[in-house]
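Engineer: sequence plus the predicted model coming up.
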Amino acid sequence: MKNSYFNHAVLTFTSLVTAMLATTAQPVAKAAEEIAAIMANYDAVGASVAVVKDGDIIYNQSFGYRNLATQEPLENDDVFRIASISKSFVATSLMQLIEAGKLSLDDDVGELIGFPVRNPNFPDSVITLRMILSHTSSISDKNGYFTLDAFNPEKNPDWAKAYNDYAPGTDYQYCNLNFNLAGAILEKYSGERFDQYVRAHVLQPLGLYASYNVDELDRARFAALYTYDADSNRFIASPAAYRSPAASLKDYQMGYSAPIFSPTGGMKISATDLARYMTMHMNYGIRGTTRILSEESARTMQTSVPAGKGYALALRTKDDLISGKIMKGHTGLAYGLNSAMFFQPQKKFGFVVIINGSRTTYTDDFPDIHRDLINCLYRHFVL
């Protein structure tokens with residue numbers, strides 16, 4: 001009788017465990033099936049995704065190819081150049097210096113960098129650190145952005161063309177030069193080379209395998225990036241995404257040469273580690289027991305500036321990504337890659353999606369493949 005009862009209990013427990021596992025497996029299988037369909041719709045080469053809920057990564061999976069030529073599958077620890085999500089690492093680092101009393105968001109960036117930064121149409125208007133971090137500086141990329149010579153009056157006779165015709169702080173235009181300038185300022189006031197500061201004060205404390213310097217990383221883990229060429233209807237590899245900065249470091253000038261590392265778009269990191277970084281911002285500056293920013297600084301980064309059209313300090317507010325949800329985050333686009341990092345700080349969930357090549361379309365300047373994938377992940381793992 002006792003053995004019969006025991007056997008019945010074991011069978012019941014086994015059935016419950018089996019049912020629980022089946023219930024857990026269902027959304028994973030269904031999500032994978034839907035993700036595959038979305039990727040096929042946009043001819044995506046590969047996709048790496050992560051879902052964070054209540055501080056934990058609850059789903060992390062990669063699909064498709066790391067390399068089209070070799071047909072190597074994409075894996076979760078593969079590293080991507082994530083493009084403009086990189087800007088948030090710059091702002092995070094500068095907020096640390098602000099907390100240390102070395103800088104202020106209202107500082108004149110011309111005085112900080114050491115050459116005049118003034119819109120010639122509004123010469124009396126100060127361009128502040130807050131303005132360059134929120135794309136409201138009136139600076140543009142018309143002269144390029146790979147060097148500060150683009151708008152340095154001492155280096156470029158056409159420097160004035162780098163400015164728009166509205167007053168600083170009154171309007172918004174996305175500008176990569178803003179953040180390459182910000183990277184140089186970080187370097188000058190930290191006393192550390194740009195890539196090394198970010199590594200020591202953001203990446204290493206959070207335990208992330210990532211860098212602005214490709215020579216510090218294992219190239220075998222780099223996911224190849226592909227630009228879609230409509231004329232030939234094929235994907236073309238973009239090896240320049242992972243170009244070594246070694247040759248340029250020979251004549252490196254601290255406080256000026258930071259654009260060599262592309263502060264504006266040069267971070268290399270996996271979707272998994274980007275999700276861990278995102279969790280720190282979602283929790284207002286802390287992940288686990290490691291605090292990177294004060295809560296005040298983290299909230300400042302997430303608070304839209306008046307002229308920013310939803311943009312704050314390297315993070316934007318988006319209210320049309322998931323119905324009824326106000327999300328914070330950023331996207332990236334370069335070398336054929338599309339990346340997205342968006343989170344909901346009150347409800348404590350977020351998503352990272354990285355695509356290393358696709359034929360995506362855009363709605364309101366936002367990649368449709370990201371919108372579809374993020375909503376798929378929300379339905380299966382958060383809702």
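Structural biologist: That came through, no problem.
Engineer: quick check: residue 102 vs residue 68, distance?
Structural biologist: 46 Å (C-beta to C-beta, to the nearest Å). C-beta coordinates here come from the backbone N, C-alpha and C atoms, glycine included.
Engineer: these two - which one has more neighbours?
Structural biologist: Each of residue 102 and residue 68 has its neighbours counted (other C-beta atoms under 10 Å); residue 68 has more, 18 against 15.
Engineer: please report how far residue 222 lies from residue 79.
Structural biologist: Counting by C-beta to C-beta, the gap from residue 222 to residue 79 is 5 Å.
Engineer: which neighbours do those two have in common?
Structural biologist: residue 268 (C-beta atoms under 8 Å, 6 or more residues apart in numbering).
Engineer: the two: who's more crowded?
Structural biologist: Using other C-beta under 10 Å, the more surrounded residue of residue 222 and residue 79 is residue 79, with 26 against 20.
Engineer: the lengthiest strand in the chain: which residues count as buried?
Structural biologist: Longest strand of the chain, by residue count under DSSP state E: strand 56-67. For strand 56-67, the neighbour count (16 or more other C-beta atoms under 10 Å) marks 57, 59, 60, 61, 62, 63, 64, 65, 66, 67 as buried.
Engineer: for it, what is the distance to the chain centroid?
Structural biologist: 16 Å (C-alpha atoms, centre = their mean, to the nearest Å).
Engineer: what does the helix or strand following that strand contact?
Structural biologist: Using DSSP states H and E, the helix or strand that follows strand 56-67 in sequence is strand 72-73. Contacts of strand 72-73 with the rest of the structure, by C-beta under 8 Å, 6+ apart, involve 62, 64, 65, 66.
Engineer: can you pull the pLDDT of the nearest residue to the third one once chain neighbours are set aside?
Structural biologist: Which is residue 65. Closest residue to residue 65 apart from its sequence neighbours, by C-beta to C-beta, 6 or more residues apart in numbering: residue 46 at 4.9 Å. Note on residue 46: pLDDT of 98.
Engineer: residues contacting residue 46?
Structural biologist: The contact partners of residue 46, by C-beta under 8 Å, 6+ apart, come to 62, 63, 64, 65, 66, 74, 223, 355, 356, 357.
Engineer: relative to residue 134, which of the buried residues of strand 56-67 is nearest.
Structural biologist: Nearest to residue 134 out of these is residue 57 (C-beta to C-beta; 29.5 Å).
Engineer: hey, what's that closest one bridged with?
Structural biologist: residue 52 (DSSP bridges).
Engineer: wouldn't it be in contact with residue 49 here?
Structural biologist: No. The pair residue 57 / residue 49 is not scored as a contact, 10.5 Å apart, by C-beta atoms under 8 Å.
Engineer: need the contact list for residue 353.
Structural biologist: 47, 48, 49, 271, 338, 339, 340, 370, 373, 374, 377.
Engineer: adjacent strands (with direction) for whatever helix or strand the fifth one lives in?
Structural biologist: Element membership for residue 338 (DSSP H and E) is strand 337-344. Counting by DSSP bridges, the strands paired with strand 337-344 are strand 327-334 (antiparallel), strand 349-355 (antiparallel).
Engineer: chain neighbours aside, what residue packs nearest to residue 131?
Structural biologist: Nearest to residue 131 is residue 137, by C-beta to C-beta, 6+ apart, at 4.0 Å.
Engineer: oh, I was asking about residue 275
Structural biologist: Nearest to residue 275 is residue 50, by C-beta to C-beta, 6+ apart, at 3.8 Å.
Engineer: how much does the helix or strand harbouring that neighbour deviate in direction from strand 349-355?
Structural biologist: Using DSSP H and E, residue 50 falls within strand 46-53. Strand 46-53 and strand 349-355 are oriented at 170 degrees to each other (axes from the mean of the first three to the mean of the last three C-alpha atoms, to 10 degrees).
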